[in-house]
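Peer 1: fold the following and give me the result.
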Amino acid sequence: MFYQYLVHDIQSQLQEAGQQPLRVPRCFHTSLEENQEVVILEDLRPRGFKMFDRKKGMDVAHTKLVLEELARLHAASYLLKAKIPDLADKYPVLSLDWLNYADEARDVTFKTFSKQMDIVKDMLNKVGGYEVAENWLGRNKERVLEILAEQLARVPPFDLLCHGDCWNNNVLFRCNEEVPVEVMLLDLQMCRQASLATDLNYLFHTRVQELQYDLLLAMLVTIIIICEGDINKENQDSFTDSMRDVLDDLVSTSPILRPRFLSIFDEMIENSD
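Peer 2: Alright, predicted model coming up:
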């Protein structure tokens, strides 16, 4: 839906404002026929675009490019609201989120995040020194759906068009002698109307003092990054069991566990004092 319709509305606003087009791959074909959905996008590799190492935190130069492009997306959608006050009326897909994307969405989302919180709570207990975070996870396990609903609520004037899934895996960079000079936003299948802060916090991961939503997403996504290639993804149960086993090993062996994961909770504890 984004590539077939929404991107054209966004590009028109940027053009009227004298801006360059939003940096997304060109779309050659889309089909929304049920069970035969397809999108054919430009291959960006010949133009030199590559994925940043997902196991490394993005540096300032890479992050700045992503923030600038997100800002253009958010600003263009704000201008678009003057012509289409409620984008979700025109594009109902923008009303979908973690809680309503399917009939079983609430149940699946609760199971996914509550199991994740149990796994992380056990891991923090083994590491030691994270009692505050353990207590938070225990208290809020049953509030997962409530937290997500609160943070995804549309509150004007900040209910803008958001990427919805902006992390290392969904951006590509073109570099000049290892210096990033251009970014491309990818995988906008989770785009929605929400506070622009959800995009920013999701990108930063560690800004937990601002949004509990970010802590939940950071736990899920960051562990997937750390455990890449080691997790069985055949179904939810095997995924959870596999993740628990891998994290048990990483507690004592992973050099990136603390800077990429435990630091989330270090900041949480620091800002709760």
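Peer 1: could you pull out the buried residues of stretch 136-144?
Peer 2: Within stretch 136-144, the residues that qualify as buried are Trp136, Leu137, Asn140, Lys141, Val144, counting by 16 or more other Cβ atoms under 10 Å. Just so you know, the C-beta spots here come from the backbone N, C-alpha and C atoms, and that holds for glycine as well.
Peer 1: that one: end-to-end distance?
Peer 2: One end of stretch 136-144 sits 12 Å from the other (Cα to Cα, to the nearest Å).
Peer 1: got the contact list for that stretch?
Peer 2: Stretch 136-144 is touched from outside by 109-110, 113-114, 117-118, 120-121, 124, 147, 212, 216, 268, with contacts defined as Cβ atoms under 8 Å, 6 or more residues apart in numbering.
Peer 1: go again with 6 Å.
Peer 2: Under the contact criterion Cβ atoms under 6 Å, 6 or more residues apart in numbering, stretch 136-144 has outside partners Phe110, Phe113, Ser114, Met117, Lys121.
Peer 1: of these, closest to Ser77?
Peer 2: Within those, proximity to Ser77 (Cβ to Cβ) peaks at Phe113, which comes in at 27.5 Å.
Peer 1: which residue ranges form the strands in the stretch 1-150 of the chain?
Peer 2: Under the criterion DSSP state E, counting those that start in this stretch, the stretch 1-150 of the chain contains strands at 27-31, 38-41, 49-51.
Peer 1: which elements pack onto the longest one?
Peer 2: Strand 27-31 makes packing contacts with strand 38-41 when contacts are defined by 3 or more Cβ pairs under 6 Å, 6 or more residues apart in numbering; DSSP states H and E.
Peer 1: what comes up buried for the strand it packs on?
Peer 2: Per 16+ other Cβ under 10 Å, strand 38-41 contains these buried residues: Val39.
Peer 1: which neighbouring elements make contact with it?
Peer 2: Short answer (3+ Cβ pairs under 6 Å, 6+ apart): strand 38-41 packs on strand 27-31.
Peer 1: CA atoms of the strand it packs on as PDB?
Peer 2: The C-alpha trace of strand 27-31 is given here as PDB (Å, rounded to 0.1, in the frame of the first residue of the first chain):
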ATOM      1  CA  CYS A  27       8.700   0.600  -7.200                       C
ATOM      2  CA  PHE A  28       8.100  -1.200 -10.600                       C
ATOM      3  CA  HIS A  29       5.100  -3.300  -9.800                       C
ATOM      4  CA  THR A  30       2.600  -4.100  -6.900                       C
ATOM      5  CA  SER A  31      -0.300  -6.400  -6.500                       C
END
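Peer 1: centre of the chain versus it, how much separation?
Peer 2: Centre-to-centre, strand 27-31 and its host chain are 24 Å apart (Cα atoms, centre = their mean, to the nearest Å).
Peer 1: what do you get for stretch 60-72?
Peer 2: The answer for stretch 60-72 is 15 Å, by Cα atoms, centre = their mean.
Peer 1: buried sites along that stretch?
Peer 2: His62, Thr63, Leu65, Val66, Leu67, Glu69, Leu70, Arg72.
Peer 1: do stretch 21-30 as well
Peer 2: Leu22, Arg23, Val24, Pro25.
Peer 1: where in the stretch 101-250 of the chain is pLDDT low?
Peer 2: Across the stretch 101-250 of the chain, residues meeting the criterion (pLDDT under 70) sit at 205-243, 246-250.
Peer 1: repeat that with 50
Peer 2: Applying pLDDT under 50 to the stretch 101-250 of the chain flags residues 206-211.
Peer 1: any idea how far Met58 is from the residue minimising distance to the centre of the chain?
Peer 2: Closest to where the C-alpha atoms of the chain average out (Cα atoms, centre = their mean) is Asp165, at 3.1 Å. For Asp165, the distance to Met58 (Cβ to Cβ, to the nearest Å) stands at 15 Å.
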